[in-house]
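Colleague: this one's structure only:
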Ligand code: 13P
């Protein structure tokens with residue numbers, strides 16, 4: 001069956017990247033995409049805020065998209081150290097990750113805060129990638145589906161459409177650990193997420209759902225082929241252009 005949702009492979013560089021090396025990484029991705037024999041998928045890199053503008057300039061003219069890793073809910077004001085969605089947009093970003101588990105844990109971000117950030121992204125003309133996912137304790141307690149349902153209800157704003165929303169399923173225990181759920185578990189979780197999204201938007205069947213957590217070049221093909229998986233949110237493996245491109249290449253043609 002032909003794909004109805006355009007695959008999206010997103011790299012979350014997290015708090016990594018300095019100057020020339022970071023720009024070389026961005027250029028490496030853009031050059032690799034330029035040489036690739038496919039143009040049926042989106043590639044996105046999300047550098048730290050300090051590099052968004054320079055990376056956007058470095059990939060200009062290529063099909064590589066740029067995103068931020070977080071934004072504040074407000075457009076401006078007395079919020080020292082924070083970054084407004086409008087600032088990301090002004091720097092060349094088209095997307096922003098919101099509610100990553102590291103933000104939820106390190107900065108105590110609640111579902112309500114994440115939802116406000118997603119709304120801020122819309123206000124600025126950015127597409128939010130809303131991250132959800134259960135902890136190991138929640139999984140072991142058999143609460144995975146309930147947790148995901150709660151996070152969707154709490155973090156995804158009303159008014160979501162397929163063009164304005166991406167959801168990333170990132171089991172917390174799979175992030176940076178080398179552990180992944182089985183392909184069947186990923187497919188089941190994504191099917192559940194899509195069903196729950198149906199309570200928020202009539203366009204749930206068209207919303208792109210990414211899997212994230214220890215995606216690498218050698219496990220991407222099977223994870224990306226799982227039902228209802230429309231791409232990946234990649235951490236560590238997005239810091240090497242070759243590895244990131246190998247993951248992007250693993251998307252099967254529609
Ligand atoms: P890793 O790919 O390093 O496990 O990180 C996943 C992630 O958190 C992407 O947002």
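Modeller: Cool, got the structure. Nothing here was measured: the structure is a model prediction, and the numbers come from that model.
Colleague: What helix or strand is the nearest residue to residue 205 once chain neighbours are set aside located in?
Modeller: Taking C-beta to C-beta, 6 or more residues apart in numbering as the measure, residue 205 lies nearest to residue 194, with 7.1 Å between them; neighbours along the chain are not counted. For the C-beta atoms, the positions are set from N, CA and C on the backbone; glycine is no exception. Using DSSP states H and E, residue 194 maps to helix 183-197.
Colleague: Now residue 70: closest residue in space that isn't a chain neighbour?
Modeller: The shortest distance from residue 70 to any non-neighbouring residue, by C-beta to C-beta, 6+ apart, is to residue 103 (5.7 Å).
Colleague: For the helix or strand where the one you found lies, buried residues please.
Modeller: When elements are defined using DSSP H and E, residue 103 is found to belong to helix 101-106. For helix 101-106, the buried set under the neighbour-count rule, 16 or more other C-beta atoms under 10 Å, comprises 101, 102, 103, 104.
Colleague: Show me what the next helix or strand after that helix is packed up against.
Modeller: Read in the C-terminal direction, the helix or strand following helix 101-106 is helix 111-124, with elements assigned using DSSP H and E. The contact analysis (3 or more C-beta pairs under 8 Å, 6 or more residues apart in numbering; DSSP states H and E) places helix 111-124 against helix 85-90, strand 95-98, strand 127-132, helix 144-155.
Colleague: residues making contact with whichever helix or strand comes after the third one?
Modeller: Moving toward the C-terminus from strand 127-132, the first helix or strand encountered (DSSP H and E) is helix 136-140. Contact with helix 136-140 is made by 144, 147, 171, 172, 173, as judged by C-beta atoms under 8 Å, 6 or more residues apart in numbering.
Colleague: Any chance of TSV for these, columns pLDDT?
Modeller: Formatted as TSV, the entries for the contacts of helix 136-140 read as follows, by pLDDT from 0 to 100:
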residue	pLDDT
144	98
147	98
171	98
172	98
173	97
